[in-house]
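> can you look at this prediction? I've put the sequence above it.
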There are 2 protein chains.
Amino acid sequence: MNAEEITEKYKVAVIGSGNWGSVAAKLIASNTLNYDIFHDEVRMWVFDETLPSGEKLSDAINQTNVNVKYLPGIELGKNVIADPDLDHAVRDANMLVFVTPHQFVEGVCKRLVGKLRGDVQVISLIKGMEFKVDGPCMISSVISKQLGACCCVLMGANIADEIAEEKFSEATIGYRENKEVAERWARLFATPYFSVTAIQDLEGVELCGTLKNVVAIAAGFVDGLEMGSNTKAAIIRIGLNEMRAFSKRLSPSVREDTFFESCGMADLIATCFGGRNRKVAEAFAIHGGQRPFDDLETEMLQGQKLQGVSTAREVYQVLESNRWFDSFPLFRTVHEICIGNKPPSAIVHYNDFRKAEDKI
Amino acid sequence: MNAEEITEKYKVAVIGSGNWGSVAAKLIASNTLNYDIFHDEVRMWVFDETLPSGEKLSDAINQTNVNVKYLPGIELGKNVIADPDLDHAVRDANMLVFVTPHQFVEGVCKRLVGKLRGDVQVISLIKGMEFKVDGPCMISSVISKQLGACCCVLMGANIADEIAEEKFSEATIGYRENKEVAERWARLFATPYFSVTAIQDLEGVELCGTLKNVVAIAAGFVDGLEMGSNTKAAIIRIGLNEMRAFSKRLSPSVREDTFFESCGMADLIATCFGGRNRKVAEAFAIHGGQRPFDDLETEMLQGQKLQGVSTAREVYQVLESNRWFDSFPLFRTVHEICIGNKPPSAIVHYNDFRKAEDKI
């Protein structure tokens, strides 16, 4: 292979090395070895930390080929190189995979401005867009704007540890215009146990990944109140329908089919039967709403914050400023329960739900 | 109230008194008391049997107001009258609720021919239509043809015992043409804890109620093999998409929206996380497919047969005769696993699934 051929290959960097980032690196690393269009090496930027042993996390990953802290016991592939230097990690890369906690996105982008290749493409695996009163603040938009690069998203029913164990999963890539780019991303991620579909609905895919957490809070209330299978199925159904209606009002281009994809109903189901939003909301309902979410989060999540609770607040503000309350009684009620204005049992004030659907 | 007014009221008979039939009678009985358009009295036909005490079931129901055998502990309403005489039970009724085991439908209809009021309307709560090679044999069609009466259906995520406990549930009524009739049925069933919606898609609603059992078998395999949440969500998603595609091929009038109703995704979710189809399929997979379904059914269901297994066989025959195998790999694979031609793990031969969806 001569030098010219090498420079034509796509070079991948993964920005983030938590649980999901490490699994993403593992998926990608198996494909860069398999397909000639990709450089074998996958650089993974590690926000470095010192392990109890005194060793640096990045050194430990490079020596053992395992992310001993965030994905213990799973080999990432020998072609995954942990790199604590962000600038160095992205150098020469023209495929960037963003998989940091969402609060770091803006800072990381700022550090990358002017340091990337002109032909760089980006994909975001980050679920956590925000809703401002003047519109949704999508992670993919933040990245696109800051870096001046096209940004796709990958979402789906993707509990990282299960994919690490190579159990069958599906995912959805959302793209805006360039199908060829999206299909290249699909090729980079898809494996025999990870089935990836690209659809032309960037907004729809990204909105699903965030709104599902509000429904998961509702599902947790139902579990905590032991309301049974019929109620839970009803709440998930009503939640999906509010996700559809809300997404279409924010982005009229959102497609109906998106909700039948992995990013839609499949991720919603997985999140409403597993996941920390459901779990903490269940505890909240068991305590009759008498212990605030802040306390439960501190106790159950080691200080992490629940995305569902903050998303429900942001969604509520959008409903309020647009006078949309009547059409989204479930979204509205979740927030009102979270802040203690209504009891958890208010989640099944069904009559309101039905009237709303007639209007959607 | 004079005699003329009384004859104008709708009079309801419930044909069947099992678990779901008794709950239906309870729902209906609360509404016939509440709404003037209905006669208070609800006749419930009981296929009579002698209880261990020596008492007749119908007598026990009338004395205690509880179906001591099939819905113990739940008051049906004093206006529910158990009647072991079918002819007598339906006399004067012009709203008939069919809720027998599906194998009895044809026989009951034959006995009713010529004995019903000319203005009789029927609704079927029976999930269990069959697929013949020359088309689906819908319970609502069997009833319509035999009785010469219009027949609606009511389906949804409706585990009877939970509704008996007045936990929140939803249901969908499917009708063909007469919206007024469908809305009267909705009024007869809907309560503050049982939310009913009528939609103009008889075939779609009834098809959902049957096809979901095939997907539940697949979900049971996933549980038995401990494949995790991502896989289960993926299989439910793929299953719903095959339900949509199969229904539309059989009945082009089937509406997309139907799958977002309670009869669609909600019933599917409830069935894939609870229910006996899932449970026995889980046991089948735990035994590596080495113990036939017949044995497991005998052991786990006291001789009852799983609808999902027989429906999967019928669906397979429809796929075979139409050369539709490529578009329905999940439906196909469920049957092949059930009859021992493939191992339970074949349920995640994902590549086939994705290719099929591209064609749908």
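Cool, got the structure. Numbers count the residues shown, from 1 in each chain, chains lettered A, B, ... in the order given.
> where in chain A is pLDDT low?
Within chain A, the set of residues satisfying pLDDT under 70 comprises A:1-7, A:303, A:350-360.
> let's see that with 80 instead.
Where chain A drops to pLDDT under 80, the residues are A:1-7, A:133, A:302-305, A:350-360.
> list the contacts of the longest strand along it.
Looking only at chain A and at elements set by DSSP state E, the strand with the highest residue count is strand A:38-45. Identification of contacts with strand A:38-45 by Cβ atoms under 8 Å, 6 or more residues apart in numbering or on different chains yields A:6, A:9-17, A:21-22, A:25, A:28-29, A:31-33, A:61, A:76-77, A:79-86, A:88-90, A:93, A:188. Bear in mind the C-beta positions are built from the backbone N, C-alpha and C, glycine included.
> is it true that residue A:73 lies in a strand?
No. Under the criterion used here (DSSP: H, G, I helix; E, B strand; the rest coil), residue A:73 is coil, not part of a strand.
> circling back: looking at the contacts of strand A:38-45, which are in strands?
When DSSP E defines the strands, the subset of these inside them is A:10-15, A:80-83.
> most neighbours among the residues you listed, which one?
If you count neighbours using other Cβ atoms under 10 Å in any protein chain shown, the busiest of these is residue A:14, which has 30 neighbours.
> which strand or helix spans the most centrally placed residue in chain A?
What sits nearest the mean C-alpha location of chain A, by Cα atoms, centre = their mean, is residue A:127, with 2.5 Å. Assignment of secondary structure by DSSP states H and E places residue A:127 within no helix or strand.
> nearest residue to it other than its sequence neighbours?
Leaving out its chain neighbours, the residue that sits closest to residue A:127 by Cβ to Cβ, 6 or more residues apart in numbering or on different chains is residue A:209, at 4.0 Å.
> for the helix or strand encompassing the one you found, name the packing helices and strands.
Residue A:209 is part of helix A:202-224 when elements are defined by DSSP H and E. Of the remaining helices and strands, those touching helix A:202-224 by 3 or more Cβ pairs under 8 Å, 6 or more residues apart in numbering or on different chains; DSSP states H and E are helix A:139-147, strand A:151-155, strand A:169-174, helix A:229-250, helix A:267-273, helix A:276-286, helix A:307-322, helix A:329-338.
> now the helices for the stretch 51-200 of chain A?
All helices of the stretch 51-200 of chain A, identified by DSSP state H, counting those that start in this stretch, fall at A:57-64, A:86-90, A:105-112, A:139-147, A:160-164, A:179-189.
> out of the ones you listed, which comes closest to residue B:337?
Between residue B:337 and the helices of the stretch 51-200 of chain A, the shortest separation by Cβ to Cβ is 21.6 Å, and it involves helix A:160-164.
> is chain B contacted by that closest one?
Yes. When contact is scored as Cβ under 8 Å from any Cβ of the partner chain, part of helix A:160-164 falls within range of chain B: A:162-163.
> list the buried residues in that helix.
By neighbour count with 16 or more other Cβ atoms under 10 Å in any protein chain shown, helix A:160-164 contains the buried residues A:160, A:162-164.
> follow-up on the earlier one: using a markdown table, lay out the helices of the stretch 51-200 of chain A together with distance to residue A:70.
Putting the helices of the stretch 51-200 of chain A into a markdown table (distance: least, Cβ to Cβ, whole Å) gives the following:
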| stretch | distance to residue A:70 |
| --- | --- |
| helix A:57-64 | 9 |
| helix A:86-90 | 17 |
| helix A:105-112 | 17 |
| helix A:139-147 | 20 |
| helix A:160-164 | 9 |
| helix A:179-189 | 19 |
